[in-house]
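Student: Got a sequence here, can you build the structure:
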Amino acid sequence: MKILQGFLIFMGALAVLAIIALMVGYVLALLTPDMRSNMRPVLLSAEAVDSFNKKLSDLKKEAAVTDTTKPAKNIQLTITEEEVNSVIVMALAEGTLPAKEMLVNFNDGYLLVYNAWSFPAAPVKTAVIGTLDIENGKPKFIIRDFYLGKVPVPQGFDQGIQDLVNIMIKMNAPMEELRSDLKEITISEGQLKMSGTTKVSK
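Tutor: Okay, here's the model as predicted:
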């Protein structure tokens, strides 16, 4: 009987520890990731939004007038931190993104993304370190580190998030509208540069 009681007490203690761990994990998930303090503030402006939209519009026009009797043309798109973050803030203001705050930094060879999500059940904060690769002429996001609040997320979870992000990229990638194939993506301090060729109809 004492063995059974001891076993039940042991199991109860494990259950309590599991509950405490979940509560601590939830609280840590609500805290701001340490990476947020290392991110550069970015100047926002309406002019930056106009600049971003004009670049996409000009590129679409260039791709649309491609002569099918001539070789594909080289195209290039350079996006700055100011442009990206200004567009994001506009989207947040319009309520088209489920977040309260979002900040993107382009660094030498990688990018940092911080989000303060506004999900009612879990207003968590996330931070991601990632890079961009090319797969079949389209951008592919690769996660290097993912933080849920102050908690580093296991590798398997990283992969799931990465797959979800890439599905969203494929659904919304401007290169799809531009009828273009990406050849190179370069991330440097403060800007992201994409280059490729237009698709020529046969």
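
Student: Can you tell me the element Asp145 falls in?
Tutor: Applying DSSP states H and E as the criterion places Asp145 in strand 138-148.

Student: what helices or strands is the helix or strand that comes right after that strand leaning on?
Tutor: Beyond strand 138-148 in the direction of the C-terminus, DSSP H and E gives the next helix or strand as strand 151-152. Contacts defined by 3 or more C-beta pairs under 8 Å, 6 or more residues apart in numbering; DSSP states H and E place strand 151-152 against helix 2-30. Backbone N, C-alpha and C define where each C-beta goes, glycine included.

Student: related to what we said a few turns ago, mind listing the strands the strand holding Asp145 pairs with, and their directions?
Tutor: Using DSSP bridges, the strands paired with strand 138-148 are strand 125-135 (antiparallel), strand 151-152 (antiparallel).

Student: Of all the residues in it, which ones are buried?
Tutor: Lys138, Pro139, Lys140, Phe141, Ile143, Phe146, Tyr147, Leu148 (16 or more other C-beta atoms under 10 Å).

Student: C-alpha coordinates for it, PDB please?
Tutor: Coordinates of each C-alpha in strand 138-148 appear next as PDB, following Å, rounded to 0.1, in the frame of the first residue of the first chain:
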ATOM      1  CA  LYS A 138      11.000  31.700 -56.200                       C
ATOM      2  CA  PRO A 139      12.200  33.100 -52.900                       C
ATOM      3  CA  LYS A 140      12.500  30.500 -50.100                       C
ATOM      4  CA  PHE A 141      12.800  31.600 -46.400                       C
ATOM      5  CA  ILE A 142      15.100  29.600 -44.200                       C
ATOM      6  CA  ILE A 143      14.800  29.900 -40.400                       C
ATOM      7  CA  ARG A 144      18.100  30.000 -38.500                       C
ATOM      8  CA  ASP A 145      16.700  30.800 -35.000                       C
ATOM      9  CA  PHE A 146      13.100  31.200 -33.800                       C
ATOM     10  CA  TYR A 147      12.100  32.600 -30.400                       C
ATOM     11  CA  LEU A 148       8.700  32.400 -28.900                       C
END
